[in-house]
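Participant: what's the 3D shape of this:
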Amino acid sequence: MENLKKGDFVHVFGKEKISQGKDGKKYLSLKVYSAKLLKAKEQVKTNQNTKETKKPSALGKLKEYKEKAGEKPREQSGIKKEKNVER
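Facilitator: Take a look at the predicted model:
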């Protein structure tokens, strides 16, 4: 438990004890048997940074696709119209 820092993802093994106070409030006590570090806060930050740099935005991809797709059909549709006129 000494190595843990605020923001770390931890799996805690223990036992819960619920008790009621004189004023009727419920209190929860947790007796921790062991804790396992899943991911440190530093690892989570580095993973987020690498994911952001690897993935380009979806909107950017859509714009590029629309521009490319918009140019191609115009040329093809112009050719089709000319063929129809010639017949």
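Participant: give the other helices and strands that the lengthiest strand in the chain contacts.
Facilitator: Ranked by residue count and defined by DSSP state E, the top strand of the chain is strand 26-39. Counting contacts by 3 or more Cβ pairs under 8 Å, 6 or more residues apart in numbering; DSSP states H and E, strand 26-39 is packed against strand 9-20. (Each C-beta comes from the backbone N, C-alpha and C, glycine too.)
Participant: ok, back up a step: neighbouring strands for the longest strand of the chain, and are they parallel or not?
Facilitator: Paired strands of strand 26-39, with direction, are strand 9-20 (antiparallel) (DSSP bridges).
Participant: contacts only, for Leu4.
Facilitator: Val10, Ala35, Leu37 (Cβ atoms under 8 Å, 6 or more residues apart in numbering).
Participant: state the distance from the first one to Glu71.
Facilitator: Yep, that's Val10 we're talking about. Going from Val10 to Glu71 by Cβ to Cβ, to the nearest Å gives 54 Å.
Participant: mark which of the contacts of Leu4 are buried, thanks.
Facilitator: Not one of these meets the buried threshold, by 16 or more other Cβ atoms under 10 Å.
Participant: which parts of stretch 33-52 are buried?
Facilitator: Going by 16+ other Cβ under 10 Å, stretch 33-52 has these buried residues: Ala40.
Participant: other residues contacting it?
Facilitator: For stretch 33-52, the external contacting residues (Cβ under 8 Å, 6+ apart) are 1, 3-15.
Participant: go again with 7 Å.
Facilitator: Contact partners of stretch 33-52, identified using Cβ atoms under 7 Å, 6 or more residues apart in numbering, comprise Met1, Asn3, Leu4, Lys5, Gly7, Asp8, Phe9, Val10, His11, Val12, Phe13, Gly14.
Participant: next one: stretch 24-32
Facilitator: By Cβ under 7 Å, 6+ apart, stretch 24-32 touches Val12, Gly14, Lys15, Glu16, Lys17, Ile18, Ser19, Gln20, Gly21.
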